[in-house]
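Chemist: I would like to see how this sequence folds:
(2 chains)
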Amino acid sequence: MKKHLAVIALIVVFLAVFIPLASSNPDGLERVVETFGVEEHAPFWNGLMSDYAIAAIGDPYVSTLVAGVFGTFLVLLAAFLLGTAVAPTNLEVSDKQ
Amino acid sequence: MHIPDGLITNATSIATAVAMWIASLTFLAWSWKKAKATYSRSITALLAISSAFVFAAQMINFPIAFGTSGHLVGGTFLAVLLGPYAAMLSMTIVLLMQAFFFADGGILAFGMNAFNMAVIGGLSFFLIKLFTRGSTGNRCFIPSVFVASWLSVMVGALVAALEVSPAFAGGVLVTVPSMLFYHAIIGLGEGAITAVLISSIQRVQPAIMGGLTLLKEKTKL
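Modeler: Numbering: from 1, shown residues only, chains lettered A, B, ... in the order given. Sure, this is the predicted structure:
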């Protein structure tokens, strides 16, 4: 458990260090879309924190960091629930063998 | 390479999006069934932490040439750690949270993104298994992780290029070469990062390298 917490802390540190260093250039697909002048229509869903930013926080670094840490824990929780949903049958299988 | 809903512009796009939803759900149902049957011990902690890491890593774009950037997808990384089935489910969770909370990748386009990154990423496992004959001790292991990572990005980009082509006046003739061009470079980043991560984990925590051995033990299923 201690090791798990240490790795989660490392992920948060990783975000804190690398968010300011991340490139804001368009990614491969965005670049292709720009190059050929394709007009995207407005999306019908803007998400709750579009572009990994929280509107209420003015500082862009803090805003992205908070959104990133929130997302990290969200995925952690969702994947944990997925893992426990997958697990029970496994244990039964290994008991039978 | 997250496809936004904004690129689903006409009837052909919509039909493609629906078809990819069906294709991805089919693969996910298969991987769910296989995950339940295959894993002999709980992978919950590893699944949760590696998924969270992949989410964080996908936020950090690295610059490549020509004013363009890319980021780790992490499909092959998850496939090595978790095996192909849990990797597909794990990546789907990451993509789902990105689409719903951060509008990174569309909702209608979710089937496309799940296929390009989760399904193809998970399937890259079998390439590594083939190259290494299922042994992480094989000296081809890390090189094959590099190659599989690069290929997973290239195949994902190729399928993405086909999927978004209805939105482009030039169709596949412009999307395929240009997507493959940028992702050939982005894929090198994917391969290098994944190879470094996996070889570090192998050195520090060799017991974690369950994905490959896990599958070998259970080949009867």
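Chemist: mind listing the helices for chain A?
Modeler: Using DSSP state H, the helices of chain A run over residues A:2-18, A:28-35, A:60-96.
Chemist: mean pLDDT for these: which is lowest?
Modeler: When the helices of chain A are compared by mean pLDDT, helix A:60-96 comes last with a mean of 82.
Chemist: helices or strands up against it?
Modeler: When contacts are defined as 3 or more Cβ pairs under 8 Å, 6 or more residues apart in numbering or on different chains; DSSP states H and E, helix A:60-96 sits against helix A:2-18, helix B:11-38, helix B:44-58, helix B:84-102. All C-beta atoms are positioned from the backbone trio N, CA, C, and that covers glycine.
Chemist: so which of those is nearest residue B:184?
Modeler: Shortest separation from residue B:184 across the helices and strands packed on helix A:60-96 is recorded for helix B:44-58, at 19.4 Å, computed as Cβ to Cβ.
Chemist: rewinding a little: so which of the helices of chain A is the most packed in?
Modeler: helix A:28-35 (a mean of 21; mean count of other Cβ atoms under 10 Å in any protein chain shown).
Chemist: quick check: mean pLDDT of stretch B:166-184?
Modeler: Average pLDDT, stretch B:166-184: 95.
Chemist: quick one: buried residues of it?
Modeler: Along stretch B:166-184, the positions that meet the burial threshold by neighbour count (16 or more other Cβ atoms under 10 Å in any protein chain shown) are B:166-168, B:174-176, B:178-180, B:182-183.
Chemist: hang on, the earlier thing: any chance of the helices and strands packed on helix A:60-96 in TSV, plus distance to residue B:71?
Modeler: As requested, those are exported to TSV (distance: least, Cβ to Cβ, whole Å):
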stretch	distance to residue B:71
helix A:2-18	11
helix B:11-38	21
helix B:44-58	5
helix B:84-102	11
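Chemist: among those helices, which is nearest residue B:161?
Modeler: When the helices and strands packed on helix A:60-96 are compared (using Cβ to Cβ), the closest one is helix B:11-38, at 11.9 Å.
Chemist: just checking, what packs against that closest one?
Modeler: The elements that helix B:11-38 packs onto, with contact taken as 3+ Cβ pairs under 8 Å, 6+ apart, are helix A:60-96, helix B:84-102, helix B:110-113, helix B:141-164.
Chemist: helix/strand/coil for the most far-flung residue of chain B relative to its centre?
Modeler: With distances taken from the mean C-alpha point of chain B and given as Cα atoms, centre = their mean, the most distant residue is residue B:169, at 28.3 Å. For residue B:169, the secondary-structure state derived from DSSP: H, G, I helix; E, B strand; the rest coil is coil.
Chemist: residue contacts, it?
Modeler: A:36, A:38 (Cβ atoms under 8 Å, 6 or more residues apart in numbering or on different chains).
Chemist: with chain A as the reference, measure out to residue B:24.
Modeler: Separation of residue B:24 from chain A (Cβ to the nearest Cβ, to the nearest Å): 16 Å.
Chemist: can you get me a residue count around that residue?
Modeler: Applying other Cβ atoms under 10 Å in any protein chain shown, we find 22 residues neighbouring residue B:24.
Chemist: and residue B:15, by the same measure?
Modeler: The criterion is other Cβ under 10 Å. On that basis, residue B:15 has 12 neighbouring residues.
Chemist: could you do residue A:39 as well?
Modeler: Considering only other Cβ under 10 Å, residue A:39 is surrounded by 9 other residues.
Chemist: my read: residue B:58 touches residue B:94, true?
Modeler: Yes - when contacts are counted by Cβ atoms under 8 Å, residue B:58 is listed as touching residue B:94 (7.0 Å).
Chemist: what do these two both touch?
Modeler: When contacts are counted by Cβ under 8 Å, 6+ apart, residue B:58 and residue B:94 have residue B:74 as shared neighbours.
Chemist: so between the two, which is more surrounded?
Modeler: Between residue B:58 and residue B:94, counting by other Cβ under 10 Å, residue B:94 is the more crowded of the two (30 against 20).
Chemist: doesn't residue A:75 make contact with the more buried one?
Modeler: Yes - shown here, residue B:94 and residue A:75 form a contact pair, counting by Cβ under 8 Å, at 5.7 Å.
Chemist: okay, and the common contacts of these two?
Modeler: The contact lists of residue B:94 and residue A:75 share B:51, B:54-55, where a contact means Cβ under 8 Å, 6+ apart.
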